[in-house]
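Colleague: structure for this input, please:
(2 chains)
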Amino acid sequence: MSRLLPLFGFMLLVGLFGFGIWWNTQHDQNEVPSPLINKPAPAFVLPKLDDPTQTVSKASLLGKPYLLNVFASWCIACGEEHPTLMAEGSQLGVLLLGYDYKDAPDDAKNWLREHGNPYGMVIADRPGRTAIDFGVYGAPESFLIDAKGVIRYKHIGPITPEVISKELKPAIAALRKESP
Amino acid sequence: MLSGRSAPRARFSLATVASPFRAQGALLRFLLVALLAFTGVAHSQAIQPLPFKNHAEKVRFQHLTRQLRCLVCQNETIADSNAELARDLRLDVFQQMQQGRSDKQIKQYLVARYSDFVLYDPPLQADTLLLWFGPLLILLAGGAVVVMAIRKRSRDAGITAQAPAVQTPTDNEDDW
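Modeller: I've put the predicted structure just below:
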């Protein structure tokens, strides 16, 4: 029996490492869960992309839920998620608010002209200061914010049809259940 | 960095490098030549100079930014990283220092937005007890096994010493 002990120890380690490998194929290690879920979104005032003289604030958006989608023309993964937003963005049932992150306004406008504009409204954060308040650390990232201005859900990385059907739509449905 | 998913890997780094390349090609070519000519100088300017009031403030800033993780390239501190986010966070830390906020307040501010992960040293709290003391537990368990094995062996040796005439093949323990 005790002759087999080292084998058991070895099998235990193999099992542990195997689990580690499996776990890492299921999870993106670079994903840092946001501590802001179910907390009020930070207050912000940002100019609109197409008309910088007009500003949009958190207060002005209260009353209706919206999906804030952080994108940029320099962001490669945003190009990956863009067709999904074009196809399904209008069927989400909430305002799709584009958040142009650390981008030259002309680059962003050209990018939206080229690939299509799925957004109900686009705001621009060129210095990226407000993004720090949101805990943004890359693009794309998406925040679902409810009518009271509370962050209810965050997705890091490109939105896919699967993410929409499995995570986003249930989260939006849950909002609707609270405030019909 | 070794995980399987491929899509969001280059979310930041590639693209942030690419955009100024495209926008200012000519300027960049000029800068490249300048870089080659003054490599040493260029290196020391890689991190933007901040207007520190005195040496103590600079030391404090460097000490603080070395304790904060860059979330883009996650194995670098924001003091070391050249990612745009790290640059933004350095500036943010600097501005908060100018406003007279303490190191603790600045850390709390960042933890509230980016979670404990932004701290290079995980804080000692209930859910990190295993992380901090797990290795010690394993060491103690290993030590206990060693002590038990030695005791057993010396006991067996004691038995054989008392009865040296009986050369019995002892059980498996002695084989390994």
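
Colleague: CA only for contacts and neighbour counts going forward, please
Modeller: Noted.

Colleague: tell me how many other residues surround A:Val136.
Modeller: By the measure other Cα atoms under 10 Å in any protein chain shown, the count of residues near A:Val136 is 23.

Colleague: does it count as helix, strand or coil?
Modeller: Following DSSP: H, G, I helix; E, B strand; the rest coil, A:Val136 is assigned to coil.

Colleague: how about it, phi and psi?
Modeller: The phi/psi pair for A:Val136 (degrees, to the nearest 10) reads phi -70, psi 130.

Colleague: relative to A:Asp51, how far out is it?
Modeller: To A:Asp51, A:Val136 is 24 Å away according to Cα to Cα, to the nearest Å.

Colleague: do A:Asn69 as well
Modeller: For A:Asn69, the distance to A:Asp51 - Cα to Cα - is 19 Å.

Colleague: and if you look at A:Asp103?
Modeller: In terms of Cα to Cα, A:Asp103 sits 15 Å off from A:Asp51.

Colleague: same question, A:Lys109
Modeller: From A:Lys109 to A:Asp51 the distance is 11 Å (Cα to Cα).

Colleague: the more surrounded of the two?
Modeller: A:Lys109 (18 against 11).

Colleague: contact residues of chain A facing chain B?
Modeller: A:2-3, A:24-30, A:32-36, A:74-77, A:128-129, A:132-135, A:137-140, A:157-158 (Cα under 8 Å from any Cα of the partner chain).

Colleague: can I have the buried ones of those as a ChimeraX selection?
Modeller: Buried residues within the residues of chain A next to chain B, by 16 or more other Cα atoms under 10 Å in any protein chain shown, are selected in ChimeraX with:
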select /A:28,30,32,34,36,74,75,76,77,128,129,132,133,134,135,137,138,139,140,157,158
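
Colleague: so of the residues of chain A next to chain B, which ones are in helices?
Modeller: Members of the residues of chain A next to chain B lying in helices (criterion: DSSP state H): A:24-26, A:76-77, A:129, A:132-133.

Colleague: ok, so of those, who is nearest B:Pro135?
Modeller: Of all those, A:Asn24 has the smallest distance to B:Pro135: 22.1 Å, by Cα to Cα.

Colleague: neighbours around residue 127, how many?
Modeller: Using chain A here. 11.

Colleague: meant chain B, my bad for not saying
Modeller: There are 9 residues near B:Asp127, going by other Cα under 10 Å.

Colleague: cool, A:Lys48 as well?
Modeller: So A:Lys48, with other Cα under 10 Å, has 20 neighbours.

Colleague: how about it: what's its closest non-neighbour residue?
Modeller: Distances taken as Cα to Cα, 6 or more residues apart in numbering or on different chains place A:Ile123 nearest to A:Lys48, at 4.3 Å, with adjacent residues excluded.

Colleague: please parse chain A into its domains.
Modeller: A:1-29, A:31-178 (automatic domain parsing).

Colleague: just want the most central residue of chain A.
Modeller: By Cα atoms, centre = their mean, chain A has its centre lying nearest to A:Ser142, at 1.9 Å.

Colleague: burial measure for B:Pro123, as a count.
Modeller: 13.

Colleague: just A:Ser73 next, same as before
Modeller: Counted with other Cα under 10 Å, A:Ser73 comes out at 23.

Colleague: what distance do you get for it to A:Leu97?
Modeller: Counting by Cα to Cα - A:Ser73 and A:Leu97 are separated by 16 Å.

Colleague: is stretch B:66-81 positioned near chain A?
Modeller: Yes: Stretch B:66-81 comes into contact with chain A (Cα under 8 Å from any Cα), by way of B:71-72, B:74.

Colleague: how about the host helix or strand of B:His63: buried residues?
Modeller: Using DSSP states H and E, B:His63 falls within helix B:55-65. Of the residues in helix B:55-65, B:61, B:64-65 count as buried by neighbour count, 16+ other Cα under 10 Å.

Colleague: packing partners of it?
Modeller: When contacts are defined as 3 or more Cα pairs under 8 Å, 6 or more residues apart in numbering or on different chains; DSSP states H and E, helix B:55-65 sits against helix B:84-98.
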